[in-house]
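Participant: Model the following, please.
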Amino acid sequence: MIEDERDAQARQAGCGRAEMAGVGEDLDMPAEFPADRFGAVEDVEADAAAEHAIEFALGWPYSRHPLAAAAALATHSGAWALGAAETWVVCHLMGLAVSPAQALILDSLFCGLRTFGFAVPAALGVQEAGYVLACALIGVPAAPAVALSLLRRVRELLVGAPALGVWQAVEGGRALAGLSDK
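Facilitator: From the prediction side, this is the model:
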């Protein structure tokens with residue numbers, strides 16, 4: 001079924017499936033080309049079919065509910081604006097002259113830098129270094145930048161620790177209920 005869909009897509013594009021994938025007999029490769037000898041053409045076609053399935057799975061909710069993408073974008077943008085507002089308020093309370101636009105830039109750079117530090121557990125050190133680098137771009141010294149980063153960590157602890165406690169209580173209650181049933 002997937003091959004039929006890929007063939008239909010290839011016909012619409014006016015080329016063969018292998019040509020769409022970038023390799024194969026439609027590209028006039030010599031018969032001794034290693035991709036043909038080791039079955040790489042079939043692998044490319046299987047990868048293309050898997051890619052098509054992923055694209056369909058990701059696009060399906062948005063095709064059924066067209067406003068879902070707009071709602072997701074609005075929610076994400078709102079959360080980002082709240083993060084920038086938090087940064088601006090904290091900078092203001094620390095006595096730093098940071099405009100709302102600079103706070104948005106700071107928060108945006110921070111989010112980007114922290115995303116790259118995903119491999120580091122809890123982004124320890126990445127967050128602090130990111131704040132020092134981002135704050136340096138808008139003229140904030142390193143010491144207040146580290147303090148701003150630590151304040152952000154305190155907020156994460158204040159929200160995260162009670163959530164972990166509630167989760168532990170719920171799971172502990174389930175475990176106790178499961179033991180009493182046996």
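Participant: Which elements pack onto the helix or strand hosting Leu179?
Facilitator: Using DSSP states H and E, Leu179 sits in helix 142-181. Helix 142-181 is packed against helix 67-93, helix 126-137, with contacts defined by 3 or more CB pairs under 8 Å, 6 or more residues apart in numbering; DSSP states H and E. C-beta: built from backbone N, CA, C; applies to glycine.
Participant: Mind putting those helices into a markdown table with mean pLDDT, distance to Val154 and mean neighbour count?
Facilitator: Converted to a markdown table, those look like this (pLDDT from 0 to 100; distance: least, CB to CB, whole Å; neighbours: other CB atoms under 10 Å):
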| stretch | mean pLDDT | distance to Val154 | mean neighbour count |
| --- | --- | --- | --- |
| helix 67-93 | 90 | 10 | 13 |
| helix 126-137 | 88 | 12 | 19 |
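Participant: Now distance to Gln168 too, for those, in TSV please.
Facilitator: Conversion of the helices and strands packed on helix 142-181 to TSV gives the following (distance: least, CB to CB, whole Å):
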stretch	distance to Gln168
helix 67-93	26
helix 126-137	25
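Participant: can you tell which of those helices is closest to Ala50?
Facilitator: Set against Ala50 and scored by CB to CB, these come closest in helix 67-93, at 23.2 Å.
Participant: Pull the distance from that closest one to the chain's centre.
Facilitator: Its chain's C-alpha centre lies 16 Å from the corresponding centre of helix 67-93 when counted by CA atoms, centre = their mean, to the nearest Å.
Participant: hmm, back to that, closest one to Ala169 among the helices and strands packed on helix 142-181?
Facilitator: Closest to Ala169 of these is helix 67-93 (CB to CB; 27.0 Å).
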